[in-house]
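>>> Prediction below, plus the sequence it came from.
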Amino acid sequence: MAVLKVIEVMANSNKSWEDAAKNAVKHAAKSIKNIKSVYIKEQTADVEGENLIDYRVNVKITFEVD
């Protein structure tokens with residue numbers, strides 16, 4: 001039987017929401033092992049003129065506890 005834990009993380013990117021999600025997982029993986037999944041809870045962005053300039057995601061990261 002596996003025990004799983006979920007944490008909530010916010011991350012950003014100036015490229016895309018996908019890149020922001022990748023940044024969240026990459027940064028979390030520095031201190032968390034056994035990441036199993038990520039759930040995109042919320043997406044937001046800053047706008048300048050007609051352009052999106054900063055993409056943000058709020059994600060839930062699930063990992064297995066040893």
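Yep, that arrived.
>>> show me where the chain has strands.
Per DSSP state E, the chain carries strands over the ranges 3-13, 35-48, 51-65.
>>> list the contacts for S16?
S16 is in contact with Y55, counting by CB atoms under 8 Å, 6 or more residues apart in numbering. In this view, the C-beta of every residue, glycine as well, is placed from N, C-alpha and C.
>>> and it, what are its phi and psi?
Torsion angles at S16 (phi, psi; degrees, to the nearest 10) stand at phi -170, psi 170.
>>> That one and V38: what is the separation?
Going from S16 to V38 by CB to CB, to the nearest Å gives 15 Å.
>>> Am I right that V38 is in contact with A20?
No: V38 is beyond contact range of A20, at 11.2 Å (criterion: CB atoms under 8 Å).
>>> quick one, which of these two is more surrounded?
Neighbour tally, V38 and A20, criterion other CB atoms under 10 Å: the higher count belongs to A20, 24 against 18.
>>> Can you tell me the closest non-neighbouring residue to that one?
S13 (4.0 Å; CB to CB, 6 or more residues apart in numbering).
>>> if I pick that neighbour, what's in contact with it?
Contacts of S13 by CB under 8 Å, 6+ apart are 19-20, 22-23, 54-55.
>>> how close does it get to I7?
Taking CB to CB, one finds S13 at 19 Å from I7.
>>> next one: N23
Look at N23 and I7: by CB to CB, they are 15 Å apart.
>>> Neighbour count for these two, which is higher?
The residue with more neighbours, out of N23 and I7, is N23; 18 against 12, by other CB under 10 Å.
>>> Report the contact partners of K36.
4, 62-64.
>>> no, scratch that, I was asking about S37
With CB under 8 Å, 6+ apart, S37 has these contacts: 61-62.
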